[in-house]
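Asks: here is my input, please return the structure:
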Amino acid sequence: MDESHALIVQIDELVASLNLLLDNLEIPLQLESPQDLTPGLLLAILEATLKSRLPIPNRVRQSQSSQAKVETIKIFLGVLGMDVLEMDLSNIDPQRLAEGDWDEPNRARLLSSSARVAAPTSLNAFTEEEVMLREAVRRFAKEEVEPKVREMDENEMMDPSVIQGLFDQGLMGIETSSEHGGSEASFTSAVIAIEELARIDPSVSVLCDVHNTLVNTIFRKYGTEEQKNKFLPLLAESKVGSFCLSEPASGSDAFALQTRAVKDGNDWVINGSKMWITNSYEAEIFLIFANVDPSKGYKGITCFVATKDMGVQIAKKEQKLGIRASSTCTLSFDDLRIPEENIIGGLGKGYKVAIEILNEGRIGIAAQMLGLAQGAFDKAVPYTYERKQFGQPVGTFQGMAHQIAEAAIQIEAARLLTYNAARLKEEGHIFTKEAAMAKYYASVVAQKVSGSAIEWAGGVGFTRETGIEKFWRDSKIGAIYEGTSNIQLNTIAKFIQKEYSST
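Replies: Purely as a prediction, here's the structure:
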């Protein structure tokens, strides 16, 4: 199959779009089926557009602005398979181009900026900004976080200087717009930051993860302009956020929550409690899910914004097996009064907010588990080549060498699942199944690799001195929070059933 025929196959569902664009360009042609776009015609249009053999710019509607005409041409090229996201027409004079002035400089600029056909890239392909971010976060984690890891773990408390460092590094508003004090980076950038922090301390990683992928995202996606302007700068620069959904009686069945909100004048009064709430000890901004009308079931669930000074009370700070420096608390609300304007996402829309956000959050947890597995691997493997038994490094014995190789494969597979889900999310595709796969598998790999890492290091790995055992303790939570492993498997199975079942 030659390239032109392959293009015909690819545009099977784009006939309507092509006709609209042809009409906008005033080309007297309408396609009824993909077969109408013969290889010769396709190549002629493409050649004419790129090499100016047909004065298409003269045929665009006169009512369009010159810039709109250029944008129409860009869209047209995009439908034909050109990488419009990479196009740079900033040096082209829109008026001259729209008037059909395709002089050599104009033509050369267009060809150089648009003649790159979009091609698949590997999942290890990152933008320059993403690469720089990875390097910066890795350096911050190594220099600022690592010296404090053991102390924070022993004290079960996050060092305030680490939290301040996250703000100073711009890691608490990664996707937040610059006008709201954020870094205005990609979702993949957030995933990168979470992974790199977890290689050193998964506790610091989950603080950054929940703050970015859950709290910030809800404000960006569902907040009113007033709410964005009020809270996003605080969250980017100084205030930790907390996502309050789980309750003693509603874990995996999150929408069985019992917390209630009752209207009183222009306020809502909340009574109830939340359990297993990450970041709650340090947080000053809380997203609280409560039911305003239990008779409607989950359709009564609403998301409210509260600040600590409104009266949010910490009833208990949990003592945990792992991620000890990350606070996990039980919160109680006794006549917590919240103004009407602090409803986010709409009355009764909290279930929708939670479902959509948790899908993104699962990619964040996958990144945390991925970084954890890599961190344990990085600590243990060098030791296996230093420690000698029977006259050779223990890592060179075939049995251990094979275990190390298998672990490397599993980490890489988890990485590919995680970044695939992240890119799908960025591109606007449905990613629920892929997020569940990434979260499930990365959690399995984190637990397995960190457990093996202890064994590779022998007795030393079992002590707290190396920090390897901490990675294993931290790994256990991956199969529990933001959807247990069984919940992830249920989600994946439903997608498979939908795809393959005829009933």
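Asks: isn't there a helix covering Ser376?
Replies: Careful, residue 376 is Ala; it's not Ser. Yes. Counting by DSSP: H, G, I helix; E, B strand; the rest coil, Ala376 is part of a helix.
Asks: from Lys448, how far out is it?
Replies: 10 Å (CB to CB, to the nearest Å). All C-beta spots, glycine's among them, are computed from the backbone N, C-alpha and C.
Asks: more crowded one of the two?
Replies: Using other CB atoms under 10 Å as the criterion, Ala376 and Lys448 rank with Ala376 on top: 32 against 18.
Asks: just checking, the more buried one touches Gln447?
Replies: No. Using CB atoms under 8 Å, Ala376 is not in contact with Gln447, being 10.0 Å away.
Asks: centroid residue for the protein?
Replies: Phe187 (4.4 Å; CA atoms, centre = their mean).
Asks: sorry, back to before: what is in contact with Ala376 and Gln447 at once?
Replies: Common contacts of Ala376 and Gln447 (CB atoms under 8 Å, 6 or more residues apart in numbering): 472, 475.
Asks: pretty sure Phe304 is in a strand, no?
Replies: Yes. Phe304: assigned to a strand according to three-state DSSP.
Asks: may I have the beta-bridge partners of it?
Replies: Ile288, Ile343 (DSSP bridges).
Asks: who's in contact with it?
Replies: With CB under 8 Å, 6+ apart, Phe304 has these contacts: 261, 268, 270, 287-290, 338, 342-344.
Asks: next: Glu455.
Replies: Taking CB under 8 Å, 6+ apart, one finds Gly461 in contact with Glu455.
Asks: give me that answer again for 10 Å
Replies: If a contact means CB atoms under 10 Å, 6 or more residues apart in numbering, then Glu455 has 380, 400, 403, 461-462, 468 as its contacts.
Asks: swap in Phe255?
Replies: Applying CB under 10 Å, 6+ apart, the residues contacting Phe255 are 245, 289, 291, 297-301, 350-351, 354-355.
Asks: the same query, at a cut-off of 6 Å, please.
Replies: Contacts for Phe255 (CB atoms under 6 Å, 6 or more residues apart in numbering) come out as 298, 351.
Asks: Ser327 versus that one, what's the distance?
Replies: In terms of CB to CB, Phe255 sits 25 Å off from Ser327.
Asks: now stretch 430-441: how far from the chain's centre is it?
Replies: 12 Å (CA atoms, centre = their mean, to the nearest Å).
Asks: buried residues, it. List them.
Replies: With burial defined by 16 or more other CB atoms under 10 Å, the residues of stretch 430-441 counted as buried are 431-441.
Asks: closest to Cys208 among the residues you listed?
Replies: For the buried residues of stretch 430-441, the residue nearest Cys208 by CB to CB is Lys439; the value is 16.9 Å.
Asks: that closest one is in what secondary structure piece?
Replies: Lys439 belongs to helix 432-456 when assigned by DSSP states H and E.
Asks: burial measure for Gln447, as a count.
Replies: 22.
Asks: wait, it touches Ser475, no?
Replies: Yes. With contact defined as CB atoms under 6 Å, Gln447 reaches Ser475; the gap is 4.4 Å.
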